[in-house]
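Chemist: Got a predicted structure here, sequence first:
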2 protein chains.
Amino acid sequence: MPHHSYHLDTNRKKVVLVGSGNWGSAIARIVGDNITANPQLFEPTLNMWVFEELVDGRKLTEIINTEHENVKYLPGYKLPTNVVAVPDLKEATKGAHILIFCVPHQFLGRMLPQIKEQGLDPNCCAVSLIKGIDFNDKGVVLVSNIIRDALNIDCSVLMGANVANEVAAGDFCESTLGCTGVQEGALLQQLFHAPTFHVNIAMDPNGVELCGALKNVVALGAGFCDGLGYGGNTKAAIIRLGLIEMKKFCYRFFDGIKEDTFFESCGVADLITTCFGGRNRKCAELFVKDKGVAWETLENTVLNGQKLQGTWTAKEVYTILDKTNAIADFPLFVAIYRIAFEGADPKTITSF
Amino acid sequence: MPHHSYHLDTNRKKVVLVGSGNWGSAIARIVGDNITANPQLFEPTLNMWVFEELVDGRKLTEIINTEHENVKYLPGYKLPTNVVAVPDLKEATKGAHILIFCVPHQFLGRMLPQIKEQGLDPNCCAVSLIKGIDFNDKGVVLVSNIIRDALNIDCSVLMGANVANEVAAGDFCESTLGCTGVQEGALLQQLFHAPTFHVNIAMDPNGVELCGALKNVVALGAGFCDGLGYGGNTKAAIIRLGLIEMKKFCYRFFDGIKEDTFFESCGVADLITTCFGGRNRKCAELFVKDKGVAWETLENTVLNGQKLQGTWTAKEVYTILDKTNAIADFPLFVAIYRIAFEGADPKTITSF
């Protein structure tokens, strides 16, 4: 049936993964396999843009393409053989129909114009797996919006309680796909859903993405509780109050937020994981125990120089609340900010 | 102003606490103080019915009334001096306007007729602090309903992430008051709310009470995850799926359930505390690790013979789901039941 297969061929989507860190490599395992399993929907190769670097004198792209393993960022887990590492961004993204973004969001400013330059398919869409938000004079800037604006394409998001190594190990978890279109949602679900990686669709991309950023602020509060030696009652109360303020923040500053989003993996589940594990919680605990230690010192000693998302987000959220006269409506976010940056007693985490 | 104070006097509420275990004694500290702080609202003495027993040869009521400490069930914490231990149930509850119930729910069948017998004030109301549900041929029977039906009075509930010893220690926490009337809610809030014990009102007594019982089923699932050595992603997913099935169960079998209830302390916060601490989680972990150990053995060795709420509730919930052809709609509750009672592989906790 040549006509039939010709028809299918022309509609197949070329998927490109922009990013190859810990999380990017973990999701490449799932996406690579799903592409192979659905040849009628997707082109067989998954280009993965890799920031080229040398590992023991060898190029990382070369290692990935011969040994099928990202030995630097996800050692111990094989990548499917249809995942092809490409160091040149324009070459990697050429002709893409679905662009998956999984890079530190500070990189986007340089990368997006290059992707735009080489010309995108008019039906191309994007999915952001980047957790974090940005801020400008007008308020919150979502990473998905930066992508939308720079590339002039639609951008969905995938967020949830998804610690990369556990996903790579095939531990069961869930994730939330935030998108605006039903058809796009169904297609992207086919790309990401797996037996041990359950993807639910939420028609609320803003809410899904905001949860992924704001939970890190709450995790600081949970860490302060741990540092103070508080028990389960208090920590649960802080997490709950944090969830309420996350909701309130979303509704206050964005349109189209849906209540159900907070019951999804990106909401309550990711919040729980982050408040019990996670680097923001850990550093906040040490911040209380080592009285007066600077956040930068913790980033250097605990995180090998990586930056904390929670402190930065807490500061920017506070700025927005201050500007919009909303301080009184977000007592927990404000208390966390003041403990983190104004020398307030950590015990004020519960004074409201 | 004699007329004024006479008027106030006649409207003051006599509060009686039926129960004096660990949680009962902890709440007596708060309620006793709140009564003293609000003399215009409440009569000054808090009768506390105490199941009489001997402690080192002395009567427990006598110890409480002289040393102001429940040395058996909440040692180390003083009770306010206006808390008076009374061993006779009829004497303790005579003339009550507000009856606070905090006893094992198996005791109610014997106690309620005695309370009824001595005649209740027509405006008397009750608050149940009892976590647990009962079941009969028709389905779920709420403890509050048993009280309502037996005494023919209204019954509110107070539930939340409230580990008794942490409440007694004055650690900050929250609790949810589930009631039907606005006025009753406001009065009861005055009775329970304290600077370190924040009481929110939810106009959804059924939802509040059901959360308190169903969370124990989810805690078994969380414990199975711990026993299997699963990481944070999986446990968060199980907790989230549990919350979704708790909601679904409430909506399916009860009227007047409100979405917001699940965001209150009785919902998400109590669920978190129970799934990370708590005896149901602990025993479920051991159930997986010591393959094939009987629940009764765990109750005897880990809980000194006390009964697990989670296993019993899981069984009764399963019976209802089976009877109502709802098995397919509650895959997590069903998986937990089958692991706990039908020898299913604990790994099936994530097979759906």
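Modeler: Perfect, thanks for sending it.
Chemist: longest helix of chain A?
Modeler: helix A:205-228 (DSSP state H).
Chemist: That one close to chain B?
Modeler: No - applying C-beta under 8 Å from any C-beta of the partner chain, one finds helix A:205-228 separated from chain B by no less than 9.1 Å. For every residue, glycine as well, the C-beta is placed using N, CA and C.
Chemist: Now do the helix or strand that that helix is followed by: which elements does it pack against?
Modeler: Using DSSP states H and E, the helix or strand that follows helix A:205-228 in sequence is helix A:232-253. Judged by 3 or more C-beta pairs under 8 Å, 6 or more residues apart in numbering or on different chains; DSSP states H and E, helix A:232-253 is in contact with helix A:205-228, helix A:270-276, helix A:331-341, helix B:164-168, strand B:173-178, helix B:270-276.
Chemist: so which of these comes closest to residue B:122?
Modeler: Nearest to residue B:122, of all these, is strand B:173-178, at 22.6 Å by C-beta to C-beta.
Chemist: The longest helix of chain A relative to helix A:331-341, how many degrees between them?
Modeler: Helix A:205-228 and helix A:331-341 meet at an angle of 60 degrees, taking axes from the mean of the first three to the mean of the last three C-alpha atoms, to 10 degrees as the criterion.
Chemist: what about residue A:76, neighbour count?
Modeler: Other residues near residue A:76 come to 10 when the count uses other C-beta atoms under 10 Å in any protein chain shown.
Chemist: Could you do residue A:251 as well?
Modeler: 12.
Chemist: repeat for residue A:340
Modeler: Here the number of neighbours of residue A:340 (other C-beta under 10 Å) works out to 23.
Chemist: ok, now residue A:113?
Modeler: Neighbour tally, residue A:113, other C-beta under 10 Å: 11.
Chemist: go on, residue A:104?
Modeler: Residues near residue A:104, counting by other C-beta under 10 Å: 13.
Chemist: check contacts around residue A:259.
Modeler: By C-beta atoms under 8 Å, 6 or more residues apart in numbering or on different chains, the contact list for residue A:259 reads A:247, B:259.
Chemist: Show me how chain A divides into domains.
Modeler: A:13-203, A:207-348 (the TED database).
Chemist: Now the ones you listed in TSV, please, with extra columns for mean pLDDT.
Modeler: As requested, the domains of chain A are exported to TSV (pLDDT from 0 to 100):
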stretch	mean pLDDT
domain A:13-203	96
domain A:207-348	96
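Chemist: which of those is buried the deepest?
Modeler: Greatest average neighbour count among the domains of chain A goes to domain A:207-348 (a mean of 21), per mean count of other C-beta atoms under 10 Å in any protein chain shown.
Chemist: ends of that one, how far apart?
Modeler: Counting by C-alpha to C-alpha, to the nearest Å, you get 28 Å between the two ends of domain A:207-348.
Chemist: just to revisit the earlier point, let me know which of the helices and strands packed on helix A:232-253 is the nearest to residue B:22.
Modeler: helix B:164-168 (4.3 Å).
Chemist: Need the residues that contact that closest one.
Modeler: Under the criterion C-beta under 8 Å, 6+ apart, residues A:231-234, B:22-23, B:25-27, B:29-30, B:74, B:77, B:173, B:197 lie in contact with helix B:164-168.
Chemist: Farthest pair within these?
Modeler: Farthest pair in the contacts of helix B:164-168, by C-beta to C-beta: A:234 and B:25, 19.9 Å.
Chemist: hang on, the earlier thing: pipe the helices and strands packed on helix A:232-253 into JSON lines and attach distance to residue B:341 per row.
Modeler: Output for these, formatted as JSON lines (distance: least, C-beta to C-beta, whole Å):
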{"stretch": "helix A:205-228", "distance to residue B:341": "35"}
{"stretch": "helix A:270-276", "distance to residue B:341": "27"}
{"stretch": "helix A:331-341", "distance to residue B:341": "41"}
{"stretch": "helix B:164-168", "distance to residue B:341": "29"}
{"stretch": "strand B:173-178", "distance to residue B:341": "30"}
{"stretch": "helix B:270-276", "distance to residue B:341": "20"}
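Chemist: quick one, which of these is nearest to residue B:343?
Modeler: Of the helices and strands packed on helix A:232-253, nearest to residue B:343 by C-beta to C-beta is helix B:270-276, at 23.6 Å.
Chemist: hmm, that closest one in reach of chain A?
Modeler: Yes - residues of helix B:270-276 contacting chain A under C-beta under 8 Å from any C-beta: B:270, B:272-273, B:276.
Chemist: State the phi and psi torsions of the nearest residue to residue A:99 once chain neighbours are set aside.
Modeler: Leaving aside its chain neighbours, residue A:99 sits nearest to residue A:126 (4.5 Å; criterion: C-beta to C-beta, 6 or more residues apart in numbering or on different chains). Phi and psi for residue A:126, reported as degrees, to the nearest 10, are phi -120, psi 160.
Chemist: from memory residue A:126 sits against residue A:101, does it?
Modeler: Yes - taking contacts as C-beta atoms under 8 Å, residue A:126 lies within contact range of residue A:101: 6.2 Å.
Chemist: so what sits against both of those two?
Modeler: residue A:147.
Chemist: what does chain A put close to chain B?
Modeler: Counting by C-beta under 8 Å from any C-beta, chain A sits next to chain B at A:161-163, A:166-167, A:169, A:171-174, A:196, A:198, A:230-237, A:239-241, A:243-244, A:247, A:259, A:262-265, A:268-270, A:272-273, A:276-277, A:350.
Chemist: could you show me where the strands are in the stretch 1-150 of chain A, in order?
Modeler: Shown for the stretch 1-150 of chain A, the strands assigned by DSSP state E, counting those that start in this stretch span residues A:15-18, A:46-49, A:54-55, A:58-59, A:83-86, A:98-101, A:125-128, A:133-136, A:139-142.
Chemist: So which other helices or strands are in contact with the last one?
Modeler: By that I understand strand A:139-142. Against strand A:139-142 (3+ C-beta pairs under 8 Å, 6+ apart) you get strand A:133-136, helix A:205-228, helix A:309-323.
Chemist: Tell me what the closest residue to residue A:323 other than its chain neighbours is bridged to.
Modeler: Closest residue to residue A:323 apart from its sequence neighbours, by C-beta to C-beta, 6+ apart: residue A:139 at 7.9 Å. Taking DSSP bridges as the rule, residue A:139 bridges to residue A:136.
Chemist: if I pick residue A:139, what's in contact with it?
Modeler: Residue A:139 neighbours (C-beta under 8 Å, 6+ apart): A:253, A:320, A:323-324.
Chemist: Now the terminal residues of stretch A:39-59, how far apart.
Modeler: By C-alpha to C-alpha, the extent of stretch A:39-59 from end to end equals 30 Å.
Chemist: ah, wrong one, I meant stretch A:317-330
Modeler: Length of stretch A:317-330, first residue to last, C-alpha to C-alpha: 10 Å.
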